[in-house]
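Asks: Here is my input, please return the structure:
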Amino acid sequence: MTELVLLVDAYLVDALPEIWFGAVMFALAMYVVLDGFDFGIGMLYATRDDEHEKETLLTAFGPVWDANEVWVVAFGTMLLAAFPRVYSRVLADHYLLALGFVLALLFRGLGPEMREQRDDERWKRYWDYSFIGGSFLAPLLFGTLAGRWIFDAPTLSLPALLTGVGLVTVSVATGAAFLTAKTRPRLASDLRTYGIIATLAYLIGVIALLTTVVVTDAGGAAETVLSLPVGAIVVLSVVAGGGGSVLALRGEYRAWLVSALGLPALLSLLVALLLYPNIYPPTGLTVREAVVSPLALNLVTILGFPALLLVLWYFKFLYGVFSGPIEGEGYKN
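Replies: Numbering: from 1, shown residues only. Sure thing, here's the model as predicted:
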């Protein structure tokens, strides 16, 4: 028994680079899934003219959107702690995109807060533009940055731009699904149309992106794209998108929300497959080459994983409290 414990312990220690790679990708997935529907709500906000409907959209994600942004902080912190060489290269090589992303988050956050400071139509309209623009630009820039990172492509190349547009469309799809599960039937029926269209656009975009990568072998990723796991992700995405659209048309909005959230989760899994083992394709840096020293890795493991579990518990509690529909100006308990 002692020998078995020692063997398992030795295996886990040896596998820590891969475990931390998985943890970093998990944090990325949580951010894309959770803040993704926040971005989608911000973009769908542009379709509303009625002040009451605008307030309903803001109420829908008001209790959770600040918390959802914790995951981009967790992603950056974990990447820095376990793979500092990758962290430095990503920021150095994509500085303008990263800066633009942060500014977009800033203006998105200011919009809802500032519009409430004055009862003036021009004032509110200005900050509505800030909210909508930030909600659109943040996923576009973040996705484009990811496309450059993964495919070693210029900013204005097809792989980078299609990745950015893909994140925009999947955010609209998840935002619409979230809102339909929270709002009254008339508004939900209107919003689902945008969600279904965005889902179709996302699936077409993913196929176009992967086709472009195969044809151009962007970042040397063609072989990975043609592999069975990536094929399975594409099939599952089509099933989730198509099945979710059917559920939306039937008015089964909570089931649609689960299906829609599967799309960015599968997208994040695709990113993980494309970044392993070469976590930074532009330089060919692998996971094991990029990881910190064993002593530092053991230390961040001891400190980091309990904190991660605490964050997960908090999110379980938060979404449990605000799991019901909107009633009036708040959530129904």
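Asks: From the chain's centroid, how far away is the helix or strand Gly147 falls within?
Replies: Using DSSP states H and E, Gly147 sits within helix 121-151. Relative to its chain's centre, helix 121-151 lies at 14 Å (Cα atoms, centre = their mean, to the nearest Å).
Asks: Okay, helices next: where are they in the stretch 51-200 of the chain?
Replies: Counting by DSSP state H, counting those that start in this stretch, the stretch 51-200 of the chain has helices at residues 51-61, 65-68, 70-82, 84-93, 95-115, 121-151, 158-182, 185-216.
Asks: quick revisit: list the buried residues for the helix holding Gly147?
Replies: 124, 127-128, 130-151 (16 or more other Cβ atoms under 10 Å). Heads up, the C-betas are built off the backbone N, CA and C, glycines and all.
Asks: How about stretch 235-244?
Replies: Ser237, Ala240, Gly241, Gly244.
Asks: quick one: pLDDT of Asp120?
Replies: On pLDDT, Asp120 comes in at 85.
Asks: same deal with Tyr11?
Replies: Predicted confidence (pLDDT) for Tyr11: 46.
Asks: same question, Leu273
Replies: 97.
Asks: ok, the residue lying closest to it once chain neighbours are set aside to Pro112 distance?
Replies: Of all residues not flanking Leu273 in the chain, Pro229 sits nearest, at 5.7 Å (Cβ to Cβ, 6 or more residues apart in numbering). Going from Pro229 to Pro112 by Cβ to Cβ, to the nearest Å gives 40 Å.
Asks: Looking at the helices of the stretch 51-200 of the chain, which is nearest to Ala307?
Replies: helix 70-82 (8.8 Å; Cβ to Cβ).
Asks: leaving aside the residues next to it on the chain, what's closest to Val72?
Replies: The shortest distance from Val72 to any non-neighbouring residue, by Cβ to Cβ, 6+ apart, is to Tyr31 (4.8 Å).
Asks: burial measure for that neighbour, as a count.
Replies: Neighbour count of Tyr31, defined by other Cβ atoms under 10 Å: 22.
Asks: Which residues are in contact with it?
Replies: Listed by Cβ atoms under 8 Å, 6 or more residues apart in numbering, the contact partners of Tyr31 are Asn68, Glu69, Trp71, Val72, Ala74, Phe75.
Asks: Can you get me a residue count around the fifth one?
Replies: The local packing of Ala74 (other Cβ under 10 Å) involves 21 other residues.
Asks: Among Pro229 and Pro112, which residue is more densely surrounded?
Replies: Ranked by neighbour count (other Cβ under 10 Å), Pro229 and Pro112 place Pro112 first, with 21 against 12.
Asks: ok, the more buried one touching Phe131?
Replies: Yes: with contacts counted by Cβ atoms under 8 Å, Pro112 reaches Phe131, the gap being 5.8 Å.
Asks: ok, now which ones touch Leu267?
Replies: Leu267 neighbours (Cβ under 8 Å, 6+ apart): Val32, Gly166, Leu167, Val170, Val206, Ser237.
Asks: Most neighbours out of those residues, which is it?
Replies: Val170 leads the contacts of Leu267 on contacts (other Cβ under 10 Å) with 33 neighbours.
Asks: check contacts around Ala60.
Replies: Contacts of Ala60 (Cβ under 8 Å, 6+ apart): Ile41, Phe178, Leu179, Lys182, Thr183, Ile326.
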